[in-house]
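In: I'd like to go over a predicted model; first the sequence, then the structure.
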Amino acid sequence: MKNELTPSEVIFKCSFKELSDKERLAELPQVTSRLNDIKRALKIKKNGYNLYYIDSFAMDKLSDLKDYISEIYEEESAPKDICYVITEDVLNPKVLFLPSGKGTLLKERIDDVKNQYFDCVIEFYNGSSDKEKEDLLEETKDQRNEYISKLMKKAKENNFDVKATNGGFVFIPLKSQGNEMTEDEYDELENHEQGEIKEQVSELKKEAQVVLDKLTALEIKSINELRVVYEKYLKKEMKEVKEDLLFEFVTDKFTCMYLSQMFDWIEEQIVECYTVSLEEDQQYIDDIFTKFEVRVLVDNKNTLHPRVIFEEDPTINNLIGNIEYKNSNGGYLPDIELIHPGSLLKANEGCLILNLNSLLASGYSYYYLKKILMFGKIDYSYTKNYLDVLSLEGLKPESIPINVKVILIGDYEAFSILHERDEEFKRIFPLKVEMENQLKCNDASRSLVADYIKNKVKSENLLDMDQESIEEIFKYLSRIIGDRTKISVDNYYIDRILYLANDKANSEGRFSIIRDDIISSYHCDDKDIKEEMLDSYKNNKVLISIKGEKIGSINGLAVIGTSLFSLGRPMRITCLAFQGSGRIIDVHNECKLSGNIHEKSIVILRGLINSLLSPYESLPVDFQLSFEQTYSLIEGDSASVAEIICMLSAISKKPIKQNIAVTGSINQFGEVQPIGMVNEKIEGFYTVCKTLDNVSGKGVLIPSMNKDELILEKEVEESISSGDFHIYTMDTLEDAIEVLILNEGENVKTFFKIIEEEITKYKPNKKKK
């Protein structure tokens, strides 16, 4: 009995009703489960527990993912600011974490404090308000004058004048009148007179050296005492300022420690460079204040919750950050202000999302990302460049501890490869969530897609569409998967069909999208090649029969196409039977045009045909199979039902109906197995029949297990509904024989009796009757 599908079993119907979010999620447990998996992953704060997110990449999906993670983070407080501060070593900035918004505040306050310190310094140098300082200066001055006066008196007593120079004191002899003796006058003196002057000068120089030593000691003593006064002055004048600043950051232990140390360092270095003369000390003072800078790397003052960042271009600089150098007098100098953060730092305490393909295409980014995530810190030495070589002194910032959750978006194949071959990947991405791009086709999933379509139409200013058009999109989304019980929720396919349909409606001057726009949009890629294929049948360049019956010739079904489209087409498979030993000669295999899977199917057919026809002795027949007018590699086993039917026809001399094409795989027990692309194959035969003749009385035989995959074009459905075109199903070889070979009143048992009789004709030394 032929198993023909009724129109109700073939025609795809897919209406929908509006559901609330709560109702929808209740009917989509797999979606809720995946979202909960993401939430659990984000709640694990321990370093190394990052998430691999299996899904196709699309900006809409990314936006949804970011929104969902942001909702989860609304329960958490704002992340800390990250700063670099200068301590003792200007080339080795230290990291400082502050509460959200306090980084910029600290920088401003330190700038204010430095200005106040500077005002105090200038006041101390130029002012006279500090009595202890003034008394010390006056005392030092008097003592200095006393030492010099004694030396001058001694010189006068010896008839010499004294002049002070940079090198010390110079003694000039005087004449009897008290005037300075010139060199010429000195040269005119007798030798013994010159000798006496030299002896006196030598004695005076000894006295002068004693005075110089005393003056030096006095200067040192005075400077040290003044520095003590200076230090007390600074502490007194800056006490309130420092206390106010420390109180402002009292809740942050590490910031207070840094500020206290900074105050001590500034005062210590300012006092240490003090020499009374502001002109001499000015450059040192400027250098001290310039040195103590705060570089706010990450400012979270406007951030209420942890950040969710997607890094579009994950280069090393964009991920980690970099250090620039400023050009100064032809050289390159480091500057703390030129340290820049990357997205890993910006997302600290939050989540960083990366696209695996972009990451792997960005040089060593993947390697350094793994290193950072394994050790939980960022080291700017990763980003060294040629300017580090040109600079005499390079910055060596302290490593920054980070706590960031990384979500890596990629496909399952990449995950499988990395998980198998990269031990570090397994350790830093131990969590995996696979998002469902297909859902059970029910009211909940259709409502979900309908909402997305409506929102897309509104946000992108697309033309409106009626319910029929939306239902046609449902049909398209189920067909992509190849299962009428499921529906794709991949945004890429929905967006593509919407944009193409919108463009078609606009180009035709309509104000809304209709069903035909949707249908033509998902067939736009195959239009030209489809016409070319049909022309080859119409012009008899490809030979095929769709009427009558033929021995050893059957219409099989194949699929051609690219990654963009797939087209079904009928192809003629033929078989010759002749005396032999049960072999199956595959013409394509003989010519090395047969793939491994097809070769396997031929071996299976050999076992099946021999067990069916001659299980206890060698079958005296060979079969030669050929896929006519096929010149490329034959691969797959979906034509094996067609091949076995063709072989049985050839040996039985019973013709095959040419108005029915067949597709299906078969195992060596004669059980029919499902195949792929069933819709394209049916539509391919339908279109060729329509082109060459008409579709009335034509049909296709498919495996019954492919029944749930039937999502056919509207025209084919209408033809089936009107009774013109037919779809038959099969579970076994007997079902195929009944549909393709037997006529009314014939049965399979009689058919195999005929084959038995025919086999005797092939046996050696057997005379034909």
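Out: That came through fine. Owing to the predicted nature of the structure, the values given are computational and were not obtained by experimental measurement.

In: can you tell me the average pLDDT over the helix or strand hosting Leu246?
Out: Per DSSP states H and E: Leu246 is located in helix 191-248. Helix 191-248 comes out with an average pLDDT of 76.

In: list the contacts for Ala650?
Out: Contacts for Ala650 (CB atoms under 8 Å, 6 or more residues apart in numbering) come out as Ile551, Gly552, Cys575, Leu576, Ala577, Phe623. All C-beta atoms are positioned from the backbone trio N, CA, C, and that covers glycine.

In: kindly report the same for Ala558.
Out: Gly568, Arg569, Pro570, Met571, Thr630, Ala639, Lys681.

In: one more time with 6 Å
Out: Ala558 is in contact with Arg569, Met571, counting by CB atoms under 6 Å, 6 or more residues apart in numbering.

In: what helix or strand is it located in?
Out: strand 553-561.

In: in that strand, what counts as buried?
Out: Neighbour-count burial for strand 553-561 flags Ser553, Ile554, Asn555, Gly556, Leu557, Ala558, Val559, Ile560 (criterion: 16 or more other CB atoms under 10 Å).

In: what's the answer for stretch 702-710, then?
Out: Those buried within stretch 702-710 under the rule 16+ other CB under 10 Å are Ile702, Pro703, Ser704, Met705, Asn706, Lys707, Glu709, Leu710.

In: let's see it as CSV, backbone CA atoms only.
Out: The C-alpha trace of stretch 702-710 is given here as CSV (Å, rounded to 0.1, in the frame of the first residue of the first chain):
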residue,chain,number,x,y,z
ILE,A,702,11.0,10.4,0.5
PRO,A,703,12.0,8.6,3.7
SER,A,704,9.1,8.8,6.3
MET,A,705,11.6,10.1,8.8
ASN,A,706,11.9,13.3,6.8
LYS,A,707,8.2,14.0,7.1
ASP,A,708,8.7,16.6,9.9
GLU,A,709,11.2,18.5,7.7
LEU,A,710,8.7,19.3,5.0
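
In: so how far is that stretch off the chain centroid?
Out: Distance of stretch 702-710 from its chain centroid, counting by CA atoms, centre = their mean, to the nearest Å, is 39 Å.

In: touching that stretch from outside, list them.
Out: Under CB under 6 Å, 6+ apart, the answer for stretch 702-710 is Val10, Gly482, Asp483, Arg484, Thr485, Thr663, Gly664, Val672, Pro674, Val678, Thr729, Asp731.

In: list just the nearest of these to Ile584.
Out: Nearest to Ile584 out of these is Gly664 (CB to CB; 17.8 Å).

In: now do the same for the nearest residue to that closest one once chain neighbours are set aside: its pLDDT.
Out: With sequence-adjacent residues excluded and distances taken as CB to CB, 6 or more residues apart in numbering, Gly664 is closest to Val641, at 3.8 Å. We have a pLDDT of 97 for Val641.

In: Val641: which element?
Out: Element membership of Val641 [criterion: DSSP H and E] is helix 640-652.

In: what lines up beside the following helix or strand past that helix in the sheet?
Out: Reading on from helix 640-652 to the C-terminus, the next helix or strand found by DSSP H and E is strand 656-657. As defined by DSSP bridges, the strand partners of strand 656-657 come to strand 549-550 (antiparallel).

In: give me the contacts around the partner strand.
Out: Pro655, Lys657, Gln658.

In: who wins for most neighbours among those?
Out: Lys657 (22 neighbours; other CB atoms under 10 Å).

In: who's in contact with that one?
Out: Applying CB under 6 Å, 6+ apart to Lys657 gives the contacts Glu549, Leu740.

In: one more time with 10 Å
Out: Neighbour list for Lys657: 546-550, 554-555, 697, 699, 701, 739-743 [criterion: CB atoms under 10 Å, 6 or more residues apart in numbering].

In: out of these, list just those in strands.
Out: Among the contacts of Lys657, the ones falling in strands (DSSP state E) are Glu549, Lys550, Ile554, Asn555, Gly699, Leu701.

In: kindly format the C-alpha coordinates of stretch 237-246 as PDB.
Out: Extracted in PDB, the C-alpha atoms of stretch 237-246 (Å, rounded to 0.1, in the frame of the first residue of the first chain):
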ATOM      1  CA  GLU A 237      51.700  76.100  58.000                       C
ATOM      2  CA  MET A 238      50.600  72.900  56.200                       C
ATOM      3  CA  LYS A 239      49.200  71.100  59.200                       C
ATOM      4  CA  GLU A 240      45.600  72.000  58.700                       C
ATOM      5  CA  VAL A 241      45.700  71.500  55.000                       C
ATOM      6  CA  LYS A 242      47.200  68.000  55.400                       C
ATOM      7  CA  GLU A 243      44.700  67.100  58.100                       C
ATOM      8  CA  ASP A 244      41.700  68.200  56.000                       C
ATOM      9  CA  LEU A 245      43.000  66.200  53.000                       C
ATOM     10  CA  LEU A 246      43.600  63.100  55.100                       C
END
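
In: name the residues of it that are buried.
Out: Residues of stretch 237-246 classed as buried: Glu237, Met238, Val241, Lys242, Leu245 (neighbour count, 16+ other CB under 10 Å).

In: the last one and Val113 touch, don't they?
Out: Yes: the pair Leu245 / Val113 is scored as a contact, 6.2 Å apart, by CB atoms under 10 Å.

In: identify the contacts common to these two.
Out: Met238, Leu259, Met262, Phe263.

In: may I see the residues you listed organised as a markdown table, with secondary structure and distance to Asp735 added?
Out: Compiled in a markdown table, the shared contacts of Leu245 and Val113 are given as follows (DSSP: H, G, I helix; E, B strand; the rest coil; distance: CB to CB, whole Å):
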| residue | secondary structure | distance to Asp735 |
| --- | --- | --- |
| Met238 | helix | 99 |
| Leu259 | helix | 88 |
| Met262 | helix | 89 |
| Phe263 | helix | 94 |
